[in-house]
Every structure is written in structure tokens, then in C-alpha cells.
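Undergrad: show me the folded form of this:
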Amino acid sequence: MRNAAAAKPIRAKSESRLGPLWGGITILLGALFLVWPAIYNGFPLLYPDSMTYLDDGRTVARAIFLHQFSAYYGMRSFFYSLGILPFHWNVSPWPVVGLQCVLVAWVLWLVVRSIASGHAVARYLAVVLLLSILTGVSWYSCFVMPDILGPLAYLAIYLLVFSPENLSRVERWALYGVVVWGVTAHSSHLLLAGGLWLLLVVFAAFERRRFLSRIKALGMVAGILAVAAVVQLALNGYLYGKPSLNGERPPYLMARIIADGPGRTYLEKNCSHLKWAVCNHLAQLTEDADEFLWGPDGPYSSASDDDRELMTEQEMPLVLATIYAYPREEFAKAEANFRDQLMAFGIYGFDPSPWLLDQFNATLPKARASYVGSRQARDLLPLDLMTAIQSGTVSVSLGVIAASIPFLWRRPSPRLAGLSVSVVFIVITNAFVTGVLSTVDDRYGCRVIWLIPFLATVFLLDWLNQWETAKGSGSGAGPGLSV
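TA: This is a model prediction of the structure:
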């Protein structure tokens, strides 16, 4: 019986026939499958933060290239803002959507190509078409936010560690760029990528035959993550005068622990002798972390600049003091937030926003009329329907993955195992990082949950490969029995 190793030359041969031209056409077709939500909407999908990302790029670029410094550069990722600036120039966000759709299509192509031994193009296009219709990956590809770059960075790490032999030199360097841009585009992405790296180091320790090659690849990934951290420190140091991974980040943890309850209780009992800035706003404390940070009457948004700076400095002392005083209560609340976030992955967050509309005059003045005519601005997007479709797809995908585990156990595949470990870790850890450390939001779960259906399709592709291999060898054995 032909085994998986014997099938490898067939895969390499079939891939070599697909030249750069046809490979590019394949990726562009995949990108076209992904762009439909923006076309249906009549405009790229936006969130209030989108306008900040679109506007901040100019301010940061002036400081870097023209040395025209500003007192404030915003609190969002400078690297996402700078990365998309050449694609919109504050004229139109459509090229940003094109860039993101092509990147998603390309990374998915590399993953599918690493698994599919034959008919890779047809199977890739089928996978992308299904994902674009049944999950939120197409919606987030058309979303002018850095959310989609996180999953791309994690898949790029998988490819660099588990499929380096299937990558050309140009593809490897391009993936390095995807990782750097992805993890610098949002603070949670770097945290998740670092955790994934540690997990894959442990995974590599159990692969005796491939240990050295895996460790070498993981060493390269560690270097890439280090570069990403260094450039963040350097840029924030250049702009603000002090190195930082987060820049002028608002006190998310303070807002979270107060909204949970124990933090508010601690302040109510101790503010009489504490000299903390948040104590000046004790009457404004609420059970909503977003209201604390962004509400017009919220303690942080309504505070003076001095009080805001002090709140950020006093964030960790409050968090640590609260956990020490109420460990059981805070653990129970954190567990509930994690559980709620794990189940929150609806395709929501595309509601019309008066604030967003007001920002067009300063950020995208020529595109305002097009946005006003979009379905998003008129609140006509079928978000409930798409959420129901995605929820059903995730449920079916979990069933497919569960049914495939016995076959994977009987015919171990390092690539499938590596992809499975990566996807499961990211989905679970993302829920912990966002739900426990920030706030529960469907957007946080939706940006990674599509990896579950994608993993299920990869399992099906591998099953199909094994069936074709067994059939071609003339053996009567079914798929999953080869060794």
C-alpha cells in the first residue's frame, strides 16, 4: 500500500505544473469569492474604529517621513494604519478590501496546497467558496479592521513550521511579512502568536524524527516575533519618547475588573484612603467596560488628561489588589466571561453609526455619498441570517472533526496534527484573552471561528487524498488505514 510519504512526490509534481501565472489566477479567483459581502453592501464594511485606522496613518507617516510630530497619534495600531495607507490615501477604502481578500486567498491556497495531493486548484476553490458563503471569513476580509490579519499570521506560522518544504523562498519571505504585519496590527495578535509558538515548541518535543527541523523552523518564527516586538518598541519610542508595545493604550484591565464587580467593590471600600485617580470618578462606575472607557459620561472618557494618565499607571495596582482581595469572585467572573466569549461569534458589529458617518468629512470626504447608500448605513444587512448559517456550519464542522480524529490517530499526520493543535489553541486562547482581559464581544470570536470550518474542510481533503491513494494502489483498504 502506498503511504503518505510515497504520495508526497505526486503532490510536489502536481504543484510544479501550476506556474506563477496560473497560481496567481487561482488566488485571484479565491479573492473574488471572498469580496462578495462588500459588493453586496455597496461599500467596504466599517466599524467606528475603522475611521481611526484610516485617519491615523497620515499623522504617523508625517512623523516618520517628514518629521512633523504630533502631540497625539491615536491609540490604535500604527502598523495597520501605515500598512493600508498606500491603498486608500484617504480617498477610497476599496483597495484595502482588495488587499485583504488577496492575502486571505493566498494564505488559504498555501494551506490547501500543503494538504491536497491532486486537483489542488479545484479543491481550493471549492473550499474558499464554501467558507465565503457559510462563515464570516468573507465578511472580515471585507472589513476595514485588522481582525482578519490575526488568523492569517497564525496560519502563516503553521505553514512555516509544518510545511516549509512546500514553500518557495519568495513565499517564505512573504509569509514572514504576513506574520510581522499580523502581530503588530493588534496587541492581542502578538500575545496569541507568542502563545502558539510556545505550544508548538512543546509539540515539536514529541516529534523525535522531525525534532531538529521543527526547532529550526520555530527558531525562525521566534526571530520574526522578536522583530515584530522590536519594531513596535522602536516606533512607539520614536513617537512618544519611550518604548512601548501598546503606545497610549487605555486601561482595559481596569475597566474589565471594575465591570466584573470585584474591582468596583474594592474601590468602594478603599477609596477613602487611596489617592487613585479613578476614585475621583467613583459615582460614575458602571457594570459595562465599554461605558467605562468610551461612554460620554464614563470615568475614563470624561476624565482630564492627567487623570487618564494616572488611571493607566494605577491600572495594575488595582488589578493585583482586587485579585488578592477577592480571588474566588474574580476567578468565577473570569471563567464566566471566557465561557460567554467562546460561544459569542455572531456576524455582528456592522450596524450604522452616527459617529462613523460624521467622520467621513475629515477622513474619506469623497466616499461619504457611497457609504450613505450602502446597506450597512441603511441597516439592511442580513446579519441574523448570516449568524445562523455560521453557527450551523461550526456545529457541523465540529462533528466532522470529531469523526475524523480516529482516522488521524490511526494514521498520524504531522501537518494535520499541527494545524489542528494551532486552530484549537487559537480559538480557545482568543476567547480567554479577549473575554477575560477585555470584554465579551461577538466580533472577537467571529474573527477566528471560521478556522474551525476551515480545519474541517482540510480533514475532508486529507480523507479524499487517502481514498484516492488507496484506490490508485489497487488496495481494497479504505482511507485512514495507510501508515
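
Undergrad: which residue comes closest to the residue positioned nearest the centre of the chain once chain neighbours are left out?
TA: Closest to where the C-alpha atoms of the chain average out (Cα atoms, centre = their mean) is Gly150, at 2.7 Å. Of all residues not flanking Gly150 in the chain, His189 sits nearest, at 4.3 Å (Cβ to Cβ, 6 or more residues apart in numbering). C-beta coordinates here come from the backbone N, C-alpha and C atoms, glycine included.

Undergrad: do Met51 as well
TA: Per Cβ to Cβ, 6+ apart, closest to Met51 is Gln359, 4.0 Å.

Undergrad: would you agree that neighbour falls within a helix?
TA: Yes - assessed with DSSP: H, G, I helix; E, B strand; the rest coil, Gln359 lies in a helix.

Undergrad: tell me the phi and psi of Leu45?
TA: In terms of degrees, to the nearest 10, the main-chain angles of Leu45 are phi -80, psi 130.

Undergrad: starting at the chain centroid, how far to stretch 267-276?
TA: Its chain's average C-alpha position is 38 Å from that of stretch 267-276, according to Cα atoms, centre = their mean, to the nearest Å.

Undergrad: likewise for stretch 209-229?
TA: Worked out by Cα atoms, centre = their mean, stretch 209-229 lies 20 Å from the chain centre.

Undergrad: got the contact list for it?
TA: With contact meaning Cβ atoms under 8 Å, 6 or more residues apart in numbering, stretch 209-229 is reached by 157, 160-161, 164, 176, 179-180, 183-184, 190, 193-194, 197, 200-201, 203-205, 207, 245, 414.

Undergrad: are any of those residues buried, and which?
TA: Buried members of the contacts of stretch 209-229, scored by 16 or more other Cβ atoms under 10 Å, are 157, 160-161, 164, 176, 179-180, 183-184, 190, 193, 197, 200-201, 203-204, 207, 414.

Undergrad: any regions of the stretch 301-450 of the chain where pLDDT drops low?
TA: 409 (pLDDT under 70).

Undergrad: cool, and the stretch 1-150 of the chain?
TA: Ranges of the stretch 1-150 of the chain meeting pLDDT under 70: 1-19, 117-118.

Undergrad: ok, now with 50
TA: Low-confidence segments of the stretch 1-150 of the chain (pLDDT under 50): 1-17.

Undergrad: ok so, going back, ok, the residue nearest to Met51 - how many residues close by?
TA: Using other Cβ atoms under 10 Å, Gln359 has 19 neighbouring residues.

Undergrad: please tell me how far it sits from Ala61.
TA: Look at Gln359 and Ala61: by Cβ to Cβ, to the nearest Å, they are 19 Å apart.

Undergrad: Provide the secondary structure category for the residue nearest to the centre of the chain.
TA: helix.

Undergrad: how near is it to Val111?
TA: On the measure of Cβ to Cβ, Gly150 and Val111 end up 15 Å apart.

Undergrad: counting neighbours, what do you get for the residue nearest to Gly150?
TA: 28.

Undergrad: list the buried ones in stretch 80-98?
TA: 80-85, 87-88, 90, 92-94, 96-98.

Undergrad: for the residue nearest to the centre of the chain, what are its contacts?
TA: With Cβ under 8 Å, 6+ apart, Gly150 has these contacts: Gly182, Val183, Ala185, His186, Ser188, His189, Leu192, Asn430, Arg447, Val448.

Undergrad: CSV for these, including secondary structure and distance to Lys269?
TA: Listed next are these as CSV, based on DSSP: H, G, I helix; E, B strand; the rest coil; distance: Cβ to Cβ, whole Å:
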residue, secondary structure, distance to Lys269
Gly182, helix, 43
Val183, helix, 40
Ala185, coil, 40
His186, coil, 35
Ser188, helix, 32
His189, helix, 37
Leu192, helix, 35
Asn430, helix, 34
Arg447, helix, 38
Val448, helix, 38
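
Undergrad: could I get the full set of strands for the stretch 251-400 of the chain?
TA: All residues of the stretch 251-400 of the chain lie outside strands when identified by DSSP state E, counting those that start in this stretch.

Undergrad: contact partners for the closest residue to Pro262 other than its chain neighbours?
TA: The shortest distance from Pro262 to any non-neighbouring residue, by Cβ to Cβ, 6+ apart, is to Tyr326 (4.0 Å). Residues near Tyr326 by Cβ under 8 Å, 6+ apart: Pro262, Thr265, Tyr266.

Undergrad: what number of residues are in the vicinity of the last one?
TA: Around Tyr266 sit 22 other residues, with neighbours defined as other Cβ under 10 Å.

Undergrad: and the pLDDT for it?
TA: Tyr266 is assigned a pLDDT of 94 by the prediction.
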